[in-house]
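J.: pasting the structure only:
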């Protein structure tokens with residue numbers, strides 16, 4: 001039974017992250033409502049915290065195109081944003097106070113979401129890196145599908161980042177909400193991603209190592225592209241502010257990977273994944 005004096009409204013498309021957040025919030029005693037981009041927001045949800053979920057570029061596009069028209073000020077607004085607001089031209093870490101300088105098409109919807117959220121008092125913006133999960137379209141499922149269908153993986157050799165499990169970002173969002181519900185006066189921009197930097201080929205090799213525990217996978221051709229695209233720099237996010245304000249520490253993506261891959265193969269077979277003999 002809900003025991004907090006407000007409702008959390010998850011605005012976004014149904015998906016694994018939305019489901020994880022809904023289950024996690026309900027387990028912690030929050031009332032939860034769901035709303036799709038462009039739908040009228042539930043009148044029963046006020047006072048409320050509006051949580052906009054954009055786990056992918058397409059979802060960010062949809063949310064930016066259908067930003068909710070809120071006529072009554074919510075208790076809080078929290079928007080999940082992306083490292084894509086930045087260009088990646090900076091050689092070191094991007095800090096929360098840095099001005100988003102991304103100019104390509106992928107940056108625009110994330111920047112629009114942040115600008116919209118900034119119009120509310122007490123707003124929070126949580127930027128993260130690439131998310132991976134056992135379902136939907138993400139860096140892990142694309143990689144495994146390429147392995148299973150074609151026996152090869154295409155990666156951009158110099159593209160770095162801190163891939164982050166959806167389960168980890170859900171944990172962080174719920175922890176932030178709990179503390180704010182208890183009176184923590186935290187607001188503004190925060191960054192959270194996994195605590196270890198990697199490159200695409202290193203991530204691919206780690207995924208393959210764990211995947212072989214659940215399915216017989218022959219030698220895979222990891223094709224590293226060293227063309228013009230490989231000169232891109234993915235922005236790296238400093239996560240100091242979320243540690244200072246919420247006490248939330250980064251977890252390594254390595255620690256989340258085995259469970260996510262196990263879930264991936266379990267969903268394909270319809271039963272718990274077993275390690276191959």
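T.: In hand now; what should we look at? None of these values were measured; they are calculated from a predicted model.
J.: Give the buried residues for stretch 148-155.
T.: By neighbour count with 16 or more other Cβ atoms under 10 Å, stretch 148-155 contains the buried residues 153, 155. (C-beta placed from N, C-alpha, C; glycine too.)
J.: contacting residues around that stretch?
T.: Here stretch 148-155 makes contact (Cβ atoms under 8 Å, 6 or more residues apart in numbering) with 143, 146-147, 200-201, 204, 208, 215, 217-218, 220-225.
J.: For the residues you listed, which two are the farthest from each other?
T.: 215 and 225 (25.9 Å; Cβ to Cβ).
J.: tell me the mean pLDDT over the longest strand along the chain?
T.: If you go by DSSP state E, the chain has its longest strand at strand 76-82. Averaging pLDDT along strand 76-82 gives 93.
J.: Check stretch 181-191 too.
T.: pLDDT averaged over stretch 181-191 gives 92.
J.: Quick one: end-to-end distance for it.
T.: 20 Å (Cα to Cα, to the nearest Å).
J.: Same check on stretch 3-23?
T.: 15 Å.
J.: so how far is residue 85 from residue 237?
T.: From residue 237 across to residue 85, the span is 10 Å (Cβ to Cβ, to the nearest Å).
J.: Likewise for residue 54?
T.: 12 Å.
J.: helices and strands around the longest strand of the chain, which ones?
T.: Under the contact definition 3 or more Cβ pairs under 8 Å, 6 or more residues apart in numbering; DSSP states H and E, strand 76-82 sits against strand 48-52, helix 107-117, strand 124-128, helix 166-181.
J.: Sheet-wise, list the partners of that strand with their directions.
T.: strand 48-52 (parallel), strand 124-128 (parallel) (DSSP bridges).
J.: okay, these in CSV with mean pLDDT and mean neighbour count next?
T.: CSV is the format used below for those (pLDDT from 0 to 100; neighbours: other Cβ atoms under 10 Å):
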stretch, mean pLDDT, mean neighbour count
strand 48-52, 86, 23
strand 124-128, 97, 23
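J.: Same list (these) but as a markdown table, adding distance to residue 248.
T.: Formatted as a markdown table, the strands paired with strand 76-82 follow (distance: least, Cβ to Cβ, whole Å):
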| stretch | distance to residue 248 |
| --- | --- |
| strand 48-52 | 17 |
| strand 124-128 | 10 |
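J.: Tell me which of those sits nearest to residue 110.
T.: Going by Cβ to Cβ, the one of the strands paired with strand 76-82 nearest residue 110 is strand 124-128, 8.3 Å.
J.: Show me what the closest one is in contact with.
T.: Residues contacting strand 124-128 (Cβ under 8 Å, 6+ apart): 76-83, 85, 96, 114, 117-118, 164, 169, 172-173, 176, 180, 186-193, 237, 242.
J.: Tell me, how many residues neighbour the residue nearest to residue 51 when sequence neighbours are not counted?
T.: Distances taken as Cβ to Cβ, 6 or more residues apart in numbering place residue 78 nearest to residue 51, at 4.9 Å, with adjacent residues excluded. Using other Cβ atoms under 10 Å, residue 78 has 25 other residues around it.
J.: Residue 78 touches residue 54, doesn't it?
T.: No: using Cβ atoms under 8 Å, residue 78 is not in contact with residue 54; the gap is 11.7 Å.
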